[in-house]
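*Asks:* Coordinates for the following, if possible.
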Amino acid sequence: MAQILLIGDSLVADHDWQPRMVGYHVMNFGIPGLVTTDLLASLPAIKKKVGYADVILVMIGTNDLLSGNYDFIDTMKEIIVQVHKLYPTAELIFNSLLPIEYSGLPKQMVNSLNVQIEALTMQTGCCFLNTHSRFLDSDKKLFQPDGVHLTEASYEIWCRSLLEYIAFLVEDD
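*Replies:* Numbering: from 1, shown residues only. Sure, this is the predicted structure:
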């Protein structure tokens with residue numbers, strides 16, 4: 001059974017992924033409040049707990065945005081480098097930032113950062129899962145009243161997108 005490691009912030013942590021990902025062993029290492037530098041620092045500890053993964057999904061950057069830090073792409077690159085060193089055979093998927101509804105955020109910041117994240121994934125040989133566009137295409141209520149945390153409908157979309165992407169990766173091998 002393929003092992004999927006999910007790492008990131010509360011958007012990862014707040015959901016029980018396993019029931020939607022039957023046929024895979026899902027390990028959720030999401031931590032509420034995590035920023036990119038925290039995730040980078042936590043990678044060795046995660047490796048001690050999870051020695052192997054077939055697929056790793058990284059969802060990070062939302063808390064950086066909320067704290068006003070828009071300059072975290074270099075830290076994301078370091079995360080990619082470290083994950084590749086720790087899990088050299090794993091397929092690494094970086095999730096796009098989501099279209100959060102937060103009033104303090106400059107209007108096009110999420111789009112701009114997603115362009116940079118996608119370019120980074122192309123430069124480093126990992127994958128980019130554009131959940132942002134899937135969320136924009138939905139007519140469902142995707143965010144809780146805080147405009148950041150997700151509803152069950154959004155997890156349904158995200159999980160379906162992830163499973164489709166994993167199927168594509170497996171078929172492509």
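
*Asks:* who does the helix or strand of the chain with the lowest mean pLDDT touch, helix- and strand-wise?
*Replies:* Among the helical and strand segments of the chain, the one scoring lowest on mean pLDDT, DSSP states H and E is helix 152-172, with a mean of 88. Contact analysis of helix 152-172 by 3 or more C-beta pairs under 8 Å, 6 or more residues apart in numbering; DSSP states H and E lists strand 2-8, strand 55-59, strand 91-95, strand 127-129, helix 131-136 as its packing neighbours. The C-beta positions use only the backbone N, C-alpha and C, and glycine is treated the same way.

*Asks:* buried ones in it?
*Replies:* Within helix 152-172, the residues scored as buried using 16 or more other C-beta atoms under 10 Å are S154, Y155, I157, W158, C159, S161, L162, L163, Y165, I166.

*Asks:* closest to C126 among these?
*Replies:* For these, the residue nearest C126 by C-beta to C-beta is Y165; the value is 11.8 Å.

*Asks:* who's in contact with the least confident helix or strand of the chain?
*Replies:* Judged by C-beta atoms under 8 Å, 6 or more residues apart in numbering, the contacts made with helix 152-172 from elsewhere in the structure are 2, 4, 15, 17, 20-21, 24, 55, 57, 91, 93, 95, 98, 127, 129, 131, 134-135, 138, 140-143, 150.

*Asks:* Narrow these to those that are buried.
*Replies:* Among these, those buried by neighbour count (16+ other C-beta under 10 Å) are 4, 15, 17, 20-21, 24, 55, 57, 91, 93, 95, 98, 127, 129, 131, 134-135, 142-143, 150.

*Asks:* Give the bridge partners for the residue positioned nearest the centre of the chain, please.
*Replies:* Closest residue to the average C-alpha location of the chain: M59 at 2.0 Å, with C-alpha atoms, centre = their mean. Beta bridges link M59 to G8 when assigned by DSSP bridges.
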